[in-house]
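> how would this look folded up:
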Amino acid sequence: MTFLALVISVFSVLVSMTVAWITLLRRGTLHMTQPVQIAFVFENDKPKIFLRTLLYATGKHGYVIEGLYLKILRGEVNHTFGFWSYGERNELIVAGGLRISEDGAAFNHHFLDINEYSNFDFLEGEYVVETYARVANRSNPRLLSTAKLALSATEASVLRFRRAGVLFTRQPETGIYHPSLSPPRSA
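Model (predicted):
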């Protein structure tokens, strides 16, 4: 009988430690939902990329993001949009960090080119938009999502003359982004 009590006690302690590890001590991982919308637009004649998404953590401790940035791949072109702000249209916050918990944080994220002399153009073709996070106290950035977009010659022409932006909306059944022209925005 004493042996059975000992086995049950040891088992209880192991279960309690496992539950404590999973719920309280484990850091979890940082994730991002696929953006519902991605837009190619211009702000003061500078190319800008906008996306709407939810960032969330799978552990209680959460994460502190020092910065988000986008890598845009088009053929041989690899361009970084490193100036990040988030919030609603008229209440943007220049991002100097953002705490992400398991409840998550859904925002509009805006990305501009840091280099003011950059000559990046939205040209016709296939694009890959990669979203990266620089997490506090981590040396390497974390790839959060990858989205594939296609820009037609007509859409590229509209962007070149700043007549409108192109809004890509993700179709829930297929996961494919469909473009539509949006009226020009004022900054």
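> who touches Ile65 in this structure?
30, 55, 97-100, 133-136 (Cβ atoms under 8 Å, 6 or more residues apart in numbering). C-beta here means a position set from N, CA and C on the backbone, and glycine is covered the same way.
> pretty sure Leu159 sits in a helix.
Yes. Counting by DSSP: H, G, I helix; E, B strand; the rest coil, Leu159 is found in a helix.
> what's the longest helix in this structure?
Secondary structure of the chain per DSSP state H: the longest helix is helix 2-20.
> quick revisit: in strands, which of the contacts of Ile65 appear?
Counted as lying in strands by DSSP state E, out of these, are 30, 55, 98-100, 133-135.
> switch those over to a markdown table; also include distance to Lys48.
Listed next are the ones in strands among the contacts of Ile65 as a markdown table, based on distance: Cβ to Cβ, whole Å:
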| residue | distance to Lys48 |
| --- | --- |
| Leu30 | 24 |
| Leu55 | 20 |
| Leu98 | 19 |
| Arg99 | 25 |
| Ile100 | 23 |
| Ala133 | 19 |
| Arg134 | 20 |
| Val135 | 24 |
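> specify which member of these is nearest to Glu43.
Leu98 (20.7 Å; Cβ to Cβ).
> next up, the contacts around the closest one.
Contact analysis of Leu98 by Cβ under 8 Å, 6+ apart lists 55, 64-65, 86, 105.
> return a PyMOL selection command for the buried portion of those residues.
Those of those that count as buried under 16 or more other Cβ atoms under 10 Å are selected in PyMOL with:
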select buried, resi 55+65+86+105
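> can you give me the strands in the chain?
Under DSSP E, the chain gives strands at 30-32, 37-43, 46-57, 63-74, 77-81, 83-88, 91-94, 98-100, 105-112, 125-135, 142-151, 165-170, 177-182.
> out of the ones you listed, flag the one nearest Val158.
Relative to Val158, the nearest member of the strands of the chain by Cβ to Cβ is strand 177-182, separated by 6.0 Å.
> look up how far Glu76 lies from the residue nearest the centre of the chain.
Centroid check for the chain by Cα atoms, centre = their mean gives Thr131 as the closest residue, at 4.8 Å. Note on Thr131: its distance to Glu76, by Cβ to Cβ, to the nearest Å, is 21 Å.
> repeat for Arg134
Going from Arg134 to Glu76 by Cβ to Cβ gives 25 Å.
> more neighbours: which of those two?
Neighbour tally, Arg134 and Glu76, criterion other Cβ atoms under 10 Å: the higher count belongs to Arg134, 17 against 5.
> show me what the more buried one is bridged to.
Taking DSSP bridges as the rule, Arg134 bridges to Gly67.
> Glu126 reaches Leu149, doesn't it?
Yes. Assessed by Cβ atoms under 8 Å, Glu126 is found in contact with Leu149 at 7.4 Å.
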